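Visitor: I would like the atomic coordinates for the input below:
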Amino acid sequence: MPQLALEPPAPIVTGALIRASNVPMTRPILAFARGILDMDLDDSSSLSIYYLERLLQEMVIGILVDHARSRVLPQSPSAFAAAQAVIGSQCSDPSLRPSVVAEQVGLSLRQIQRSFSAHGTTIEREIRRERVEQAIALLRSPDYAALSVTEIARYVGFSNGSGLARAMSALGNPSPRQVRTLSTSNDTKNVTSHPRVVT
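Guide: Numbers count the residues shown, from 1 in each chain. Presented below is the predicted three-dimensional model:
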C-alpha cells in the first residue's frame, strides 16, 4: 500500500509560506494540499503517489519563488539560491533555459550569469546536473523499473536517452543502464552525481 511521503513541514518552510500568504495562489494550493492529505490513497499506484508528491513540491516552490520574485532581489547569494530553486522545480521542463531562469528571479540574463559564475558554475551546468540527479533517482527506484531509459530521460527534461547518457557521462556517472543494473544488485556506491553548488 503506497503512502504519500509527506513529513510535517520544517519551521523554516512554514514560516516562509506564512510570509508568502500574500501570493495569490497560496490559499488554493494549501487547500489542494489539505485535500490530498484527506484522500484515501490505498488504491493508488507508486507512480501516482510520486506525481502527487512532485506536484505538491513544485506548487510550494512556485509560491516561494513567486514571493521572492515579488521583492527586488539584488545580485547576491539569495538571487543565486532563488535561481537554484527555479532550476530544481522546473528542470524537467525541456524548454527551461537560462533566460527563463533569469526572468523567474527578476534579473537580467547577464546578472544571473555573473551570479552563477561567482559560484564557479553556469546555469546550463546546474540545469543538466539537476536533471541527471532526478534521472538517477528514478533509475535507482524499483518503482520506476517499468519506465524505459528514454521515458525517464524525457520526464527529467532530456530529449532522448542518449542525451541523458551523455550528460551522465560528462558528470562522471555510469550509463543509465549501468545505474539501473547497479541498483538492482543493491550496489549503488559507484553512482554519484555532480556535487551541488552550495550558496
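
Visitor: low-confidence ranges, the protein, go.
Guide: 1-25, 66-77, 186-199 (pLDDT under 70).

Visitor: residues in contact with residue 181?
Guide: Residue 181 makes no contacts at all, as judged by Cβ atoms under 8 Å, 6 or more residues apart in numbering. For every residue, glycine as well, the C-beta is placed using N, CA and C.

Visitor: name the helix or strand for it, please.
Guide: Under the criterion of DSSP states H and E, residue 181 resides in helix 176-184.

Visitor: just the buried residues of that helix, please?
Guide: Buried residues in helix 176-184, counted by 16 or more other Cβ atoms under 10 Å: 176, 179, 180, 182, 183.

Visitor: and those residues as CSV, adding distance to residue 154?
Guide: Converted to CSV, the buried residues of helix 176-184 look like this (distance: Cβ to Cβ, whole Å):
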residue, distance to residue 154
176, 12
179, 17
180, 16
182, 22
183, 20
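
Visitor: what's the local residue count around residue 109?
Guide: Using other Cβ atoms under 10 Å, the number of residues around residue 109 comes to 15.

Visitor: could you tell me which residues make contact with it?
Guide: 98, 99, 102 are the contacts of residue 109 under Cβ under 8 Å, 6+ apart.

Visitor: for the first one, which non-adjacent residue is closest in space?
Guide: Going back to what we said before, that points to residue 98. In space, and not counting its chain neighbours, residue 98 is closest to residue 123: 4.0 Å by Cβ to Cβ, 6 or more residues apart in numbering.

Visitor: ok, now how distant is that neighbour from residue 158?
Guide: 17 Å (Cβ to Cβ, to the nearest Å).

Visitor: returning to what we had before: surely the residue nearest to residue 98 and residue 111 touch.
Guide: No. Here residue 123 lies out of contact with residue 111, judged by Cβ atoms under 8 Å, at a distance of 11.5 Å.

Visitor: contacting residues around the helix or strand containing residue 102?
Guide: Using DSSP H and E, residue 102 sits within helix 98-105. Residues from elsewhere that reach helix 98-105 (Cβ under 8 Å, 6+ apart): 65, 68-69, 73, 79, 82-83, 86-87, 90, 108-109, 111-113, 123-124, 127.

Visitor: relative to residue 153, how far out is residue 172?
Guide: Taking Cβ to Cβ as the measure, residue 172 falls 18 Å from residue 153.

Visitor: one more: residue 39?
Guide: For residue 39, the distance to residue 153 - Cβ to Cβ - is 30 Å.

Visitor: one more: residue 31?
Guide: 34 Å.

Visitor: residue 173 now?
Guide: Where residue 153 is concerned, residue 173 sits at a distance of 13 Å (Cβ to Cβ).

Visitor: rewinding a little: quick one: which of residue 39 and residue 153 has more around it?
Guide: For the pair residue 39 and residue 153, the greater number of neighbours falls to residue 153 (25 against 10), based on other Cβ under 10 Å.
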